[in-house]
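Trainee: Build me a structure from this.
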Amino acid sequence: MLNTFDISYKNIRKIALPIILGLVAQNIINVVDTIFLAHVGEIALGVGALGGLYYFVFIIFGFGFGTGVQIMIGRRNGEENYSEIGKIFSHSIYIMLIMGLLLFSLLIFLSDNILDTIINNETLGSETKHFMAYRRWGILFAYVNIVFRAFFVGVLRTRILIYSTLLMTIINIIFDYGLIFGALGMPEIGIAGAALASVFAEISATVFLMIWSVLKIDNRKYALFKFVKPNFELAKSLVRLSGPVMIQNFVSFGAWFIFFLIIEKIGAHELAVSNIIRSIYMVLMIPVWGLSSAASSMVSNLMGSGEYEKIIPVIKKIAFLSLSITLLIVLGYIFIPEKVIGLYTPDTGLIEATIPVLHIITFALILLSVSSIIFNGISGTGKTMLALLIEVVTISIYIFGVYYMGLVLNLPIRWVWSVEVIYFFILGILSALYFYKYNWRSVKIK
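Mentor: Residues are numbered from 1 along each chain as shown. Alright, predicted model coming up:
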């Protein structure tokens, strides 16, 4: 007899809060990078935006695979099939290391050519290539960290994520400050220092998670580190489940990279404004991301335990929490935009140009707080291919809107950012239709 699954607000907070706090620490890294680079100059800000997003396009494959791993582990956890979880973990490590090595090779041999093709500004392109020469060394460690995160979220033991990302944050801040400005006895290497600091942070998290898992996880229960002989049927199942999510994430964040490439063609000033907004936006989205991850995992566990009648109520509860927290955040900053933006730059002209865009993303954030929860619920049911289809439709509209407003109509930057509002509105509507029109209860994961 499977245990009944608790969908109370208390349990939702228990699962989601560590994920949120972990994401807070993770995004402090992005904020600190942006703040430090803003004091170097507008070119450095542009490199931080393009280099960071370019690297993330490669990392996003790992995040997509990790989401599939999390869904499968959550399903097995709901079924109380614990020994199978260790096999899933082992095969995920195998696949991630292979994928990471392939992408690392691509970053070594083809990255400069790709950047030369997509970046017009010669100085910006040169500095971005220099940034990536250091940043690429973190990709294997990032991929291993993603598998550990998928395990802990899938089995609903999320507290460890606070400690690992807190460690990452501390390491990153120390090396950011030291390597960018030549402080703390370290060499001054400028923009490349931000890249190298992030690599050190990823390595520290990998070491910490491995040690913690050996000491704290019941290996007899989960068989986490047995690293069994490869089973190609299991590997195929993981790829089949994760593949659409990998493509979905690539499409989603690839679209954001294209967005910044379009902004770069509009002008360096607009790119600096957008990089500040990107950093603020990512911080504001933290609670939504954490609750979305919790929604996916809780839905997956409920599917595994066969408690289908609880799935719609848990999505509604998580969406209500997400909206409530978002509205509180909005009330916290909407009346003091100058002070929020002033954390990133002392340039009054840049602050004035950024304020209207901050108002636009406030509306987008409110829509995101609900639509993201429902959308991640689709993946939680195991219907990852349909989630990909919804993403492709909405992203196509998004890219067209950004291109048309930015390069055809030459509208101000705030109107280009308004496409975010349209994107999240359509995403929410299509996701809600899935739960009310589709027979999602019959979805199986082999």
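Trainee: can you give me the strands for the stretch 1-150 of the chain?
Mentor: Along the stretch 1-150 of the chain, counting by DSSP state E, counting those that start in this stretch, no stretch forms strands.
Trainee: Name the spans of it whose pLDDT lies under the cut-off.
Mentor: Within the stretch 1-150 of the chain, the ranges that satisfy pLDDT under 70 run 1-6, 22-31, 42.
Trainee: just the helices in it please.
Mentor: For the stretch 1-150 of the chain, the helices defined by DSSP state H, counting those that start in this stretch occupy 9-38, 42-79, 82-109, 111-118, 122-135, 139-154.
Trainee: Could you work out which of these reaches nearest to residue 294?
Mentor: For the helices of the stretch 1-150 of the chain, proximity to residue 294 was assessed by CB to CB; helix 9-38 is nearest, at 3.8 Å. Any C-beta I mention is one placed from the backbone N, CA and C, and that applies to glycine too.
Trainee: Now the helices of the stretch 1-150 of the chain in JSON lines, please, with extra columns for mean neighbour count and distance to residue 395.
Mentor: JSON lines is the format used below for the helices of the stretch 1-150 of the chain (neighbours: other CB atoms under 10 Å; distance: least, CB to CB, whole Å):
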{"stretch": "helix 9-38", "mean neighbour count": "20", "distance to residue 395": "22"}
{"stretch": "helix 42-79", "mean neighbour count": "24", "distance to residue 395": "13"}
{"stretch": "helix 82-109", "mean neighbour count": "18", "distance to residue 395": "21"}
{"stretch": "helix 111-118", "mean neighbour count": "14", "distance to residue 395": "18"}
{"stretch": "helix 122-135", "mean neighbour count": "20", "distance to residue 395": "24"}
{"stretch": "helix 139-154", "mean neighbour count": "24", "distance to residue 395": "22"}
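Trainee: among those, which is nearest residue 351?
Mentor: With CB to CB, the closest approach to residue 351 among those belongs to helix 9-38: 11.4 Å.
Trainee: so how far is stretch 401-414 off the chain centroid?
Mentor: For stretch 401-414, the separation from the chain centroid amounts to 26 Å (computed by CA atoms, centre = their mean, to the nearest Å).
Trainee: Give me the contacts around it.
Mentor: By CB atoms under 8 Å, 6 or more residues apart in numbering, the surrounding residues in contact with stretch 401-414 are 258-259, 262-263, 265-266, 270, 273-274, 353, 356-357, 359-360, 415-416, 418-419, 422.
Trainee: If we use 6 Å, what do you get?
Mentor: 259, 262, 266, 270, 273, 356, 357, 360, 415, 416, 419 (CB atoms under 6 Å, 6 or more residues apart in numbering).
Trainee: Give the rounded mean pLDDT of that stretch.
Mentor: The average pLDDT within stretch 401-414 is 85.
Trainee: which of the residues in it are buried?
Mentor: Neighbour counts using 16 or more other CB atoms under 10 Å place 401, 402, 403, 405, 406, 413, 414 of stretch 401-414 among the buried residues.
Trainee: end to end, how far does that stretch reach?
Mentor: End-to-end span of stretch 401-414 (CA to CA, to the nearest Å): 13 Å.
Trainee: circling back to that earlier point, which one of the helices of the stretch 1-150 of the chain lies nearest to residue 375?
Mentor: helix 42-79 (11.8 Å).
Trainee: Show me the buried residues of stretch 401-414 that map onto helices.
Mentor: The members of the buried residues of stretch 401-414 that map onto helices under DSSP state H are 401, 402, 403, 413, 414.
Trainee: for residue 76, what are its contacts?
Mentor: For residue 76, the contact set (CB under 6 Å, 6+ apart) comprises 84, 85.
Trainee: picking that back up, and the buried residues of stretch 401-414 as a markdown table, adding distance to residue 237?
Mentor: Shown next, in a markdown table, are the buried residues of stretch 401-414 (distance: CB to CB, whole Å):
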| residue | distance to residue 237 |
| --- | --- |
| 401 | 37 |
| 402 | 36 |
| 403 | 38 |
| 405 | 42 |
| 406 | 42 |
| 413 | 45 |
| 414 | 46 |
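Trainee: and those, which two are the farthest apart?
Mentor: The largest separation in the buried residues of stretch 401-414, counting by CB to CB, is between 403 and 414 at 16.5 Å.
Trainee: what's the spacing between the closest residue to residue 230 other than its chain neighbours and residue 206?
Mentor: Spatial nearest neighbour of residue 230, excluding adjacent residues (CB to CB, 6 or more residues apart in numbering): residue 94 at 6.2 Å. Using CB to CB, to the nearest Å, we find residue 94 at a distance of 16 Å from residue 206.
Trainee: How about residue 374?
Mentor: For residue 374, the distance to residue 206 - CB to CB - is 33 Å.
Trainee: cool, residue 131 as well?
Mentor: The gap separating residue 131 from residue 206 is 22 Å, by CB to CB.
Trainee: next one: residue 164
Mentor: Residue 164 sits 9 Å away from residue 206, taking CB to CB as the criterion.
Trainee: Neighbour count: the two, which is higher?
Mentor: Higher neighbour count among residue 164 and residue 206: residue 164, with 23 against 19, using other CB atoms under 10 Å.
Trainee: which non-adjacent residue is nearest the more buried one?
Mentor: Spatial nearest neighbour of residue 164, excluding adjacent residues (CB to CB, 6+ apart): residue 205 at 4.9 Å.
Trainee: now do residue 185
Mentor: The spatial neighbour of residue 185 that comes closest, neighbours along the chain excluded (CB to CB, 6+ apart), is residue 178 at 7.4 Å.
Trainee: Wait, the one you found touches residue 186, no?
Mentor: Yes - the criterion here is CB atoms under 6 Å, and residue 178 meets it with residue 186 at 3.6 Å.
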